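Q: Show me how the following folds:
(2 chains)
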There are 2 protein chains.
Amino acid sequence: MIETVEKEIVTLVEEIGYSEITRLFGTLAGGKRLRAKLVLAIAGADATAPRLGAIIELIHAASLLHDDVIDDATLRRGAPSVNATEDSKTAIMLGDALYSKAYSTLVAYDEAVAKSVADAVTALSVGELMDVKMSEHFNSDADAYMDMLYLKTAALIEASAKAAALMVGKDAEAYALYGKNLGISFQIIDDILDIVSDEATLGKPALHDYVEGKCTLPYIYLHEALDDAEKKRLVSYHKKQLSAEDTAWIKAKMKVHHSIERSYALAQELSDKAIAAVGDDMRLVGIIESMMKRSF
Amino acid sequence: MIETVEKEIVTLVEEIGYSEITRLFGTLAGGKRLRAKLVLAIAGADATAPRLGAIIELIHAASLLHDDVIDDATLRRGAPSVNATEDSKTAIMLGDALYSKAYSTLVAYDEAVAKSVADAVTALSVGELMDVKMSEHFNSDADAYMDMLYLKTAALIEASAKAAALMVGKDAEAYALYGKNLGISFQIIDDILDIVSDEATLGKPALHDYVEGKCTLPYIYLHEALDDAEKKRLVSYHKKQLSAEDTAWIKAKMKVHHSIERSYALAQELSDKAIAAVGDDMRLVGIIESMMKRSF
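A: Numbers count the residues shown, from 1 in each chain, chains lettered A, B, ... in the order given. Now for the predicted structure:
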């Protein structure tokens, strides 16, 4: 069924009616389509579910385009980003065109469905802005980090599940809870992979988050566990290019203090909560299990 | 009644729920509120018209934030732009937050109303992308320029008039035609003012458009009228910092060939068409007349 979503995506992009946009969109890697898969798994019985999945994937693609401009990222899913191959202007405007096309298409849906998705984009933008502000200095506050992460990543996944449930009259709150916890777990796993994976697998340099200024959960947990002199050393590496020695020190300290394991345990706990919310739906259990086991 | 719109704007921005966004939005100059005034003039009888006006002004503000990033503009309405006082990241994300808040609020409106506004944002983004592409080289094609200008500027003004008419059961096509022609005239006048006004009045350097790479209508008309050697000279100034002598040459040639007058005549012709579409509505005639006479 995901092929139907892919076709809907192409149709929506072509409907924008500007060949340059179709060409640029064609250069983007599609990604895992987690959000669309979620919509299909929950609302597959509704004939307009693939289109809703396509709308949400356009929103996700738009957010990544802007994200890459904001992070000055030159790679996305192992391929050069649009801001690298073209320029930032093009990436911003392509993102705006995809966002607005998504919204234009969304207005045909029930108001509650449309509103849950549109509200999630506001959350996403606020989360992104918080992320930018938080990256200015070392952030050791796990709660503030989790709040930002919910807005930036989980809100759209939560809205995907909620909107899909609303479409077919399932329990919207239970599915929203599933989506929220799936989304947060997903991002924690992403944060872990940035530390434990190699560059070839990730499609970006390892420890890239920290070099960019992002204090993800393993760094916050590590900071909590270190003594004062070590805390100072960790903070001194924040937002800096890391030598092989610096990287080795961070990784060794994380090993000693089980920072990765602690982070993974939280992701697991949230995954369990997600499963408990929609316990009997084996497709949703499958989505979360393969997400937890992924290596990229 | 425009005060009601201002209050709605503040409410919507505060509803986003992030103090940093409220603070940043507070630094933006409000502008002429042309789009909101149009909504009020057409749909003032509807109690939700001020809110629709506020939604469209948020969209307009978001588009200007992204526009300034794209144009590397450091001034907006005589004040420093957000990308200058903060940074491009903040301007992009603030724009995204305003866009999405506008859409979230829009879903409560009738589908046709919501769709006309959302479609206009797609047009606006496509127009902006066309503008970026067209600015790469000297463009002498007036039709291509007018197509871009319609999408970039007039589509949202057209949608404001159309959506307002739909809300109160007026003739949507007639009001759309009014809005479209008002929007195109508005932009032509803007293009003229960039050439004839002084820096203090404009809040940006004169002939700024051409230095930025934008071949507006007066330049296209001038190019048509020049001999081959002069054409070459004009094109050689495209996208360059202009000396006082270069500026004087362009302005003198425009005077000889009546490039400004020809542009103004087209704006007048379109204004007349706009008035003819909604002839008996004196508030709309007033809006267009004061727009044509403005000096900034």
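Q: alpha carbons only for contacts and neighbour counts from here, please
A: Fine.
Q: Neighbours of the nearest residue to A:His137 once chain neighbours are set aside, how many?
A: Leaving aside its sequence neighbours, A:His137 sits nearest to A:Gly213 (C-alpha to C-alpha, 6 or more residues apart in numbering or on different chains; 7.4 Å). Residues near A:Gly213, counting by other C-alpha atoms under 10 Å in any protein chain shown, number 21.
Q: One more: A:Asp209?
A: Counted with other C-alpha under 10 Å, residues neighbouring A:Asp209 total 19.
Q: same check, this time on the one 3 residues further on
A: Neighbour count of A:Glu212, defined by other C-alpha under 10 Å: 17.
Q: Just give the nearest non-adjacent residue to it, would you?
A: Closest to A:Glu212 by C-alpha to C-alpha, 6+ apart is A:Lys239, at 5.3 Å.
Q: cool, A:Leu58 as well?
A: Closest residue to A:Leu58 apart from its sequence neighbours, by C-alpha to C-alpha, 6+ apart: A:Leu98 at 5.8 Å.
Q: mind checking pLDDT for the residue lying farthest from the centre of chain A?
A: No residue in chain A sits farther from the centre than A:Ala229, which is 33.9 Å out by C-alpha atoms, centre = their mean. If you check A:Ala229, the pLDDT there is 97.
Q: Quickly note the distance from it to chain B.
A: 33 Å (C-alpha to the nearest C-alpha, to the nearest Å).
Q: Now do whichever strand or helix holds A:Glu289: which elements does it pack against?
A: Take DSSP states H and E as the rule and A:Glu289 turns out to sit in helix A:282-293. Under the contact criterion of 3 or more C-alpha pairs under 8 Å, 6 or more residues apart in numbering or on different chains; DSSP states H and E, helix A:282-293 touches helix A:34-43, helix A:172-196, helix A:259-277.
Q: closest one to B:Ile192 among those helices?
A: B:Ile192 lies closest to helix A:34-43 among the helices and strands packed on helix A:282-293, at 47.5 Å (C-alpha to C-alpha).
Q: downstream neighbour of the closest one in the secondary structure list?
A: Using DSSP H and E, the helix or strand that directly follows helix A:34-43 along the chain is helix A:49-70.
Q: list the helices and strands that following helix packs on?
A: Counting contacts by 3+ C-alpha pairs under 8 Å, 6+ apart, helix A:49-70 is packed against helix A:2-15, helix A:34-43, helix A:82-85, helix A:88-106, helix A:111-134, helix A:155-167, helix B:88-106.
Q: do that again at 6 Å, thanks
A: Secondary-structure packing of helix A:49-70 (3 or more C-alpha pairs under 6 Å, 6 or more residues apart in numbering or on different chains; DSSP states H and E): helix A:2-15, helix A:34-43, helix A:88-106.
Q: Just say which of those is most tucked in.
A: helix A:88-106 (a mean of 26; mean count of other C-alpha atoms under 10 Å in any protein chain shown).
Q: That helix versus helix A:49-70: what angle between them?
A: Calculated by axes from the mean of the first three to the mean of the last three C-alpha atoms, to 10 degrees, helix A:88-106 forms an angle of 160 degrees with helix A:49-70.
Q: Show the average pLDDT along helix A:88-106.
A: Helix A:88-106 carries an average pLDDT of 93.
Q: cool, and stretch A:53-72?
A: 92.
Q: So if we follow the domain assignment, how does chain A break up?
A: Following automatic domain parsing, one gets these domains for chain A: A:1-108, A:110-296.
Q: mind putting the ones you listed in a markdown table, distance to B:Tyr221 included?
A: Shown next, in a markdown table, are the domains of chain A (distance: least, C-alpha to C-alpha, whole Å):
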| stretch | distance to B:Tyr221 |
| --- | --- |
| domain A:1-108 | 26 |
| domain A:110-296 | 42 |
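Q: how about those, which one is nearest B:Asp198?
A: The minimum distance between B:Asp198 and the domains of chain A falls on domain A:1-108, with 28.4 Å, by C-alpha to C-alpha.
Q: what does the stretch 101-250 of chain A put close to chain B?
A: Listed as neighbours of chain B in the stretch 101-250 of chain A under the rule C-alpha under 6 Å from any C-alpha of the partner chain: A:101, A:104, A:107, A:111, A:115, A:118-119, A:121-122, A:125.
Q: which of these sit farthest apart?
A: The most widely separated members of those, counting by C-alpha to C-alpha, are A:Glu111 and A:Ser125 (21.2 Å).
Q: These two: who's more crowded?
A: A:Ser125 (27 against 17).
Q: I'd say the more buried one and B:Gly95 touch.
A: No. Using C-alpha atoms under 6 Å, A:Ser125 makes no contact with B:Gly95, being 8.7 Å away.
Q: OK, contacts around A:Leu40?
A: Counting by C-alpha atoms under 6 Å, 6 or more residues apart in numbering or on different chains, A:Leu40 touches no other residue.
Q: Return the per-residue confidence for it.
A: pLDDT at A:Leu40 comes out at 96.
Q: Please, which helix or strand holds the residue farthest from the centre of chain A?
A: Per DSSP H and E, A:Ala229 falls inside helix A:228-237.
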